[in-house]
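In: Mind folding the following:
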Amino acid sequence: MTAASRIERAYREDAARILGAVARTTGDLLLAEDAVQEAFARAVAEAARGREPRNPAAWITTVARRVALDALRRERSARRVAPMLAAEAERAESAAAADAEERGDEGVFIGDERLDLILLVAHPDLAPETRVALALRHVCGVPTARIAEAFLVSEPTMAARLTRAKKRVHDSGLRFALDDAAAVAKRMPDALTTIYLLYTVGHATADDRLRADAIALARDAHRVAGDAESAGLLGLLLLTEARQATRLTPDDEFATLREADRMRWDVPMMVEGERLATVALEGMADGDGRYALQAGIAGLHAIAPTWEATDWPAIVRLYDGLVRVWPSTSARLGRLVALGHSPDAGPEVALAALAAEPDLFVGPLASRAHAARAELLRLAGDRAGSEVELRRAIGTTDDDRTRRSLLRLLAAGGA
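Out: Got it, this is the predicted structure:
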């Protein structure tokens, strides 16, 4: 591997952790981002001169910290906290890290401080959606286009929003102390939402790295928070990840849960996820636990030996609670499909309820709504109607894998 390739790999795999380490030192995302970019540029220049760092990530971290602290020192007349930050950083870095830039040595690399950075950007001056978007982009490395899709806005709109948010955090001068338990508790819900969306993006795109990052962050969040919702989120992600081996068909299409070979599910991961889901449901305050409820639903699917043996009435009850606290399109559609499978209701009841919610068929998730109606019509014995809805679902998605998956279902005679 060439020097340039190793630096590129460090950017791809370690940039978020490097940014987290520098931002934790400075308490300023914008300053940290500029410093990390400068450090990567210096690494490329060093490699071009034949002086490639033996551990690019460690070298870049050290250089970025120094660049950031130099900037703080230059502004110390306006920022009285700079000497304190500089002293703290110098105490934290060992002698080996102190001369890593000159030696190009391995130095001391950082741990995973991305949760710290997620909490840092959960700034009180920003709208909740903007805090999450900022963390997804600059902590987790999710492309702006993907974030825009998740928030149902255009990519230019999201890019402008992110730029304004970074500047606002920078200009406010507010700093966040990670040892402030009350502040951490106040910001943790935003962190959980960010981790959930990170996994959702990885799940939708079959991106192993994003899903692994989300699970690692969820473990860290549960270690820090230790409450029902953090347990619920970790349980939900583990239960979902346990089914990844059956997520795609050999033809790289999405498989339905009904088609899945449950013998291929990851049993240890399921057991851990089920335990956490139970802890989360038992610890919910007044039934208000979005992730606990979702984990409970995933757990009921996991323990069912077959699709037909699924406890649909129990799943409907959990969905009732979920829709009450989180009335998202996905939660509402999930509830209606479960209602259609439940012997206590049935497809006709679910179809009538779906007809009363026309807004589900508008926007980026319209394809999922048509696919849900196709499933309910199939359950009701209306094959022709099911095929019509599948064709509508195909016509309203721009995702190639989803389109191919729906075409396969259509060829098989229904949802």
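In: Check the gap between residue 67 and residue 34 for me.
Out: The spacing between residue 67 and residue 34, counted by CB to CB, to the nearest Å, is 8 Å. C-betas here are computed from N, CA, C, even on glycine.
In: Which residue, other than its chain neighbours, is closest to residue 219?
Out: residue 234 (6.1 Å; CB to CB, 6 or more residues apart in numbering).
In: And the pLDDT at that neighbour?
Out: We have a pLDDT of 98 for residue 234.
In: tell me which element it falls in.
Out: helix 228-241 (DSSP states H and E).
In: The residue nearest to residue 219: how many residues sit nearby?
Out: Neighbours of residue 234 under the rule other CB atoms under 10 Å: 29.
In: cool, residue 325 as well?
Out: The tally of other residues near residue 325 (other CB under 10 Å) stands at 15.
In: ok, now residue 311?
Out: Using other CB under 10 Å, residue 311 is surrounded by 14 other residues.
In: swap in residue 253?
Out: So residue 253, with other CB under 10 Å, has 17 neighbours.
In: That one contacts residue 409, correct?
Out: No: using CB atoms under 8 Å, residue 253 makes no contact with residue 409, being 9.3 Å away.
In: quick one: low-confidence parts of this structure?
Out: 1, 27, 75-112, 173-179, 414-415 (pLDDT under 70).
In: OK, contacts around the residue most central in space within the chain?
Out: Closest residue to the average C-alpha location of the chain: residue 198 at 1.3 Å, with CA atoms, centre = their mean. The contact partners of residue 198, by CB atoms under 8 Å, 6 or more residues apart in numbering, come to 136, 140, 142, 210, 213-214, 217.
In: The residues you listed into CSV, with extra columns for secondary structure, neighbour count and distance to residue 359?
Out: Putting those into CSV (DSSP: H, G, I helix; E, B strand; the rest coil; neighbours: other CB atoms under 10 Å; distance: CB to CB, whole Å) gives the following:
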residue, secondary structure, neighbour count, distance to residue 359
136, helix, 27, 25
140, coil, 22, 30
142, coil, 22, 27
210, helix, 21, 29
213, helix, 22, 33
214, helix, 26, 29
217, helix, 27, 32
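In: can you tell me which residues contact the closest residue to residue 394 other than its chain neighbours?
Out: Spatial nearest neighbour of residue 394, chain neighbours left out: residue 406 (4.8 Å); criterion: CB to CB, 6+ apart. By CB under 8 Å, 6+ apart, the contact set of residue 406 is 367, 371, 390, 393-394, 397.
In: Now with 10 Å, please.
Out: Residues in contact with residue 406 (CB atoms under 10 Å, 6 or more residues apart in numbering) are 253-254, 367, 370-371, 374, 390-395, 397, 399, 415.
In: ok, back up a step: higher neighbour count, residue 67 and residue 34?
Out: Set side by side, residue 67 and residue 34 show more neighbours around residue 67, with 20 against 17, by other CB under 10 Å.
In: which of the residues in whichever strand or helix holds residue 196 are buried?
Out: Assigned by DSSP H and E, residue 196 belongs to helix 181-204. Buried residues in helix 181-204, counted by 16 or more other CB atoms under 10 Å: 184, 187-204.
In: One more: stretch 144-164?
Out: Within stretch 144-164, the residues scored as buried using 16+ other CB under 10 Å are 144, 146-151, 158, 161-162.
In: again, but for stretch 233-250
Out: Buried residues in stretch 233-250 (16+ other CB under 10 Å): 233-244, 246.
In: So residue 154 sits against residue 145, correct?
Out: Yes: at 9.5 Å, residue 154 counts as touching residue 145 under the criterion of CB atoms under 10 Å.
In: now the helices for the stretch 301-415 of the chain?
Out: 312-325, 329-341, 347-355, 366-379, 383-395, 400-411 (DSSP state H, counting those that start in this stretch).
In: can you tell me how far the residue nearest to residue 342 when sequence neighbours are not counted sits from residue 155?
Out: Distances taken as CB to CB, 6+ apart put residue 312 closest to residue 342, at 3.9 Å, once the chain neighbours are dropped. Computed as CB to CB, the residue 312 to residue 155 distance reads 39 Å.
In: swap in residue 69?
Out: Where residue 155 is concerned, residue 69 sits at a distance of 34 Å (CB to CB).
In: Over to residue 282?
Out: For residue 282, the distance to residue 155 - CB to CB - is 42 Å.
In: now residue 55
Out: For residue 55, the distance to residue 155 (CB to CB) stands at 35 Å.
In: got CSV for the helices of the stretch 301-415 of the chain, with distance to residue 128 too?
Out: CSV is the format used below for those (distance: least, CB to CB, whole Å):
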stretch, distance to residue 128
helix 312-325, 15
helix 329-341, 18
helix 347-355, 29
helix 366-379, 24
helix 383-395, 31
helix 400-411, 29
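In: Nearest to residue 305 among the ones you listed would be which one?
Out: Proximity to residue 305 (CB to CB) singles out helix 312-325 among the helices of the stretch 301-415 of the chain, at 14.4 Å.
In: Contacts for the closest one, please.
Out: Contacts for helix 312-325 (CB under 10 Å, 6+ apart): 281, 284, 286-301, 304, 311, 328, 330-345, 350.
In: May I see the buried residues of that helix?
Out: Within helix 312-325, the residues that count as buried by 16+ other CB under 10 Å are 312, 315-319, 321-323.
In: closest to residue 172 among the residues you listed?
Out: Minimum distance to residue 172 across the buried residues of helix 312-325 is 35.1 Å, recorded for residue 322 (CB to CB).
In: So the closest one versus residue 389, what's the distance?
Out: Counting by CB to CB, the gap from residue 322 to residue 389 is 24 Å.
In: Let me know whether residue 134 touches residue 125 as I believe.
Out: No: look at residue 134 against residue 125 with CB under 10 Å: they stay out of range, at 11.6 Å.
In: Comparing the two, which residue is more hemmed in?
Out: residue 134 (27 against 12).
In: Now that one: which helix or strand?
Out: Counting by DSSP H and E, residue 134 is found in helix 128-138.
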